[in-house]
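Asker: Give me coordinates for this.
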Amino acid sequence: MKPWLSQEFDQLFQQIHQRQCRIITFAGASSGCGTSTQAYWLAQRLSADQPKTLLIDLDLAGSGQGYPKADWSCQAADFSNHTRVLSEALDLLPQPRSQQTILELRQPQILAAAVEQWLDDYQYIICDVGNINTANWRNLAIASISHASNGTILCIAAGKTTESEVLASAQRLEQGNVELIGTLINDQINPSLGDEIRRVIESKAKWLPRSIKQKFSQYLATNPLLQGKYQ
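Answerer: Prediction:
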């Protein structure tokens, strides 16, 4: 199943539709929390019904969407020469290569004019800004982009993102007067209850016969409830 057609992303799509958001910023509270992947999935969901969607890779401190950088400018009259077609209704604008473009993105008036131009061609615009807590001079401040958007979605990795990183992200959003649409929790690396029970059995119940351990392990690995797959 395509992940962007899951119930969770459908709920997110409905919330964005009800708020009439057209420009959404995706930000991560820590590295490796799947911000770029989640941004791509939402872009796929928004474009599934054929409204033109633009995914902009502004994760300047990370790998972002994984495409080579392009020489585009916020003040260019035409962006089509630099966009990549991902599907019939979804285009990608890769990370900018030029330092001048990065400086332009930090200028509210120039960025606002570029956004207005993008909105002429696209129904939805998704901005992937990566980890907002990254201490990198190239990275864009969350407020620089979010002021031009209708709201921000914060990504958190369960079992990886620390409490201090979440608090720091909340503080940055509050200081920048950024409207938070919601929070996405990436549960990929968070162990299921079954995995935790298996780990305890392997480390603490060494006295159990191996055959019994194997039966326990097989049951725990295939039980939908203990693997978090029960619906």
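
Asker: So which residues make contact with the helix or strand of the chain with the lowest mean pLDDT?
Answerer: Within the chain, no helix or strand scores below helix 142-146, which has a mean of 72 by mean pLDDT, DSSP states H and E. If you take C-beta atoms under 8 Å, 6 or more residues apart in numbering as the criterion, helix 142-146 is touched by 25, 27, 58, 105-106, 108, 111, 127, 129, 132, 152, 172-173, 175-179. Where you see a C-beta, it was placed from the backbone N, CA and C, and this is true even at glycine.

Asker: Which parts of the protein are strands?
Answerer: In the chain, the strands defined using DSSP state E lie at 23-28, 53-57, 84-87, 90-93, 124-131, 151-157, 180-186.

Asker: Would you list the buried entries among the contacts of helix 142-146?
Answerer: Neighbour-count burial (16 or more other C-beta atoms under 10 Å) applied to the contacts of helix 142-146 gives 25, 27, 58, 105, 111, 127, 129, 132, 152, 172-173, 176, 178.

Asker: nearest to Ser73, of those residues?
Answerer: Set against Ser73, the nearest of those by C-beta to C-beta is Leu105 (10.1 Å).

Asker: Could you verify my assumption that the closest one touches Cys74?
Answerer: Yes: the pair Leu105 / Cys74 is scored as a contact, 6.4 Å apart, by C-beta atoms under 8 Å.

Asker: Between these two, which contacts overlap?
Answerer: With C-beta under 8 Å, 6+ apart as the test, Leu105 and Cys74 both reach Leu111.

Asker: Low-confidence ranges, this structure, go.
Answerer: For the chain, the stretches flagged by pLDDT under 70 are 1, 135-139, 141, 143, 188-192, 225-231.

Asker: Got the domain ranges for it?
Answerer: 3-186, 193-222 (automatic domain parsing).

Asker: mind listing the helices for this protein?
Answerer: Ranges of helices in the chain, per DSSP state H, are 7-19, 35-47, 99-105, 108-121, 142-146, 163-175, 193-204, 210-222.

Asker: Tell me which of those sits most buried.
Answerer: Across the helices of the chain, averaging neighbours per residue (mean count of other C-beta atoms under 10 Å) puts helix 35-47 on top, at a mean of 24.

Asker: coming back round to it: tabulate the strands of the chain in JSON lines, adding columns for distance to Leu12.
Answerer: Listed next are these as JSON lines, based on distance: least, C-beta to C-beta, whole Å:
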{"stretch": "strand 23-28", "distance to Leu12": "10"}
{"stretch": "strand 53-57", "distance to Leu12": "14"}
{"stretch": "strand 84-87", "distance to Leu12": "19"}
{"stretch": "strand 90-93", "distance to Leu12": "16"}
{"stretch": "strand 124-131", "distance to Leu12": "12"}
{"stretch": "strand 151-157", "distance to Leu12": "8"}
{"stretch": "strand 180-186", "distance to Leu12": "7"}
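
Asker: No further queries at this time; thank you.
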